[in-house]
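A.B. asks: task: produce atomic coordinates for the following.
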Amino acid sequence: MNYFWTAILFIFGLAIGSFLNVVSLRYEPGQRLLDLKIIGGRSHCPHCRKTLRWYELIPLLSFIVQFGKCRDCGVRLSLQYPLVEFLSGLIFVFVPLPLSSLMINDQRLMIVFPIIWIIVFLLFLLLSIIDFRHYIIPDSINLSLAILGVILIILLIIGNQGLMINGQSSFLGHYSLLFDLPFFSILNTQYLILVFHFFAAIIAMAFFAAIIIFTKGRAMGWGDFKLVGALGLIFGWPDVLMVVFLSFVIGAICVTPLLIKKQKTMKDAVPFGPFLIISSALTFFFGYNIIDEYFRLFGL
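C.D. replies: Just a heads-up that it's a prediction; the model follows:
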């Protein structure tokens, strides 16, 4: 990919990020996510309610030029605006890169695959913002991710005739073969990928359901249960193991300092969705490197 198309993708990603900001900031629990009555209308300053001019709507650049402040009231704007726009731009540029390692015999599908994964990551970003702000994961996002997961499964089956060869359909590379279970070998290999992904969803959901029931919903909610099921469909087995494991590690790293400083207590709610999303991104981009470094620590 040359620099021109990289720049075009990044700029387009910035524009999509601006839209995600509108959706996430105007969304309220119980509303439809894309209700035109909510996201429609002109953009305005959240403080003085002044309608923004066209040049104040240029993604990222307008925030920088205005030094992160409203031109009318001078109140400092949230860093969410440039951060989400920047991350959205990065999604369009970098998400397609790791997909070249997946085994897809049909080259036409290699055009469709990045598009599906870009949409997945945009939903990841939107979900993280909403969960962080409202401690809720909209069912519409979880359902959309699950549907995209099924589409990815179908594309994988079509693209390599359903065969999982040398772990090349996993972001863990050949290390995925270490997690093969005995009953996989007796199944019809034509649809083994289908089994891997649905098995991953079932196992992940069962694990989270056990935590929710055991803790009576204090540790996490049913939104996380639905999300991890969608992630199982998207990532499959055994990648979902790394997603779940890393989410608890990241959660511990983020929450422990808050507990030490007494900014949070064990009874306080913490949105777990963003931890699952961060771990999903790490698995997608660095899954093989992470597990490879892990085994290197033990000289394996």
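
A.B. asks: for Val255, list the residues it contacts.
C.D. replies: If a contact means Cβ atoms under 8 Å, 6 or more residues apart in numbering, then Val255 has Lys264, Val270 as its contacts. Quick note: C-beta positions are derived from backbone N, CA and C, even for glycine.

A.B. asks: so it, which of the three states?
C.D. replies: Three-state assignment for Val255 (DSSP: H, G, I helix; E, B strand; the rest coil): helix.

A.B. asks: Ile212 versus that one, what's the distance?
C.D. replies: For Val255, the distance to Ile212 equals 18 Å [Cβ to Cβ, to the nearest Å].

A.B. asks: likewise Leu97?
C.D. replies: 36 Å.

A.B. asks: give me the element the residue nearest to Lys226 when sequence neighbours are not counted is part of.
C.D. replies: Using Cβ to Cβ, 6 or more residues apart in numbering and skipping the chain neighbours, the partner closest in space to Lys226 is Asn142 (4.2 Å). Asn142 belongs to helix 139-160 when assigned by DSSP states H and E.

A.B. asks: which parts of that helix are buried?
C.D. replies: Residues of helix 139-160 classed as buried: 141-142, 144-146, 148-149, 151-153, 155-157, 159-160 (neighbour count, 16 or more other Cβ atoms under 10 Å).

A.B. asks: got the angle for the strand or helix carrying Phe295 vs helix 139-160?
C.D. replies: Assigned by DSSP H and E, Phe295 belongs to helix 273-297. Angle of helix 273-297 versus helix 139-160, following axes from the mean of the first three to the mean of the last three Cα atoms, to 10 degrees, is 40 degrees.

A.B. asks: now do helix 273-297, average pLDDT.
C.D. replies: Mean per-residue pLDDT for helix 273-297: 93.

A.B. asks: stretch 232-244 too?
C.D. replies: Averaging pLDDT along stretch 232-244 yields 94.

A.B. asks: first-to-last residue distance for it?
C.D. replies: End-to-end distance of stretch 232-244 (Cα to Cα, to the nearest Å): 10 Å.

A.B. asks: quick one, what contacts Phe199?
C.D. replies: Applying Cβ under 8 Å, 6+ apart, we find Phe199 in contact with Trp237.

A.B. asks: before we move on, back to that, next, work out how far apart the residue nearest to Lys226 and Leu231 are.
C.D. replies: Asn142 is 10 Å from Leu231, by Cβ to Cβ.

A.B. asks: with Phe198 instead?
C.D. replies: In terms of Cβ to Cβ, Phe198 sits 13 Å off from Leu231.
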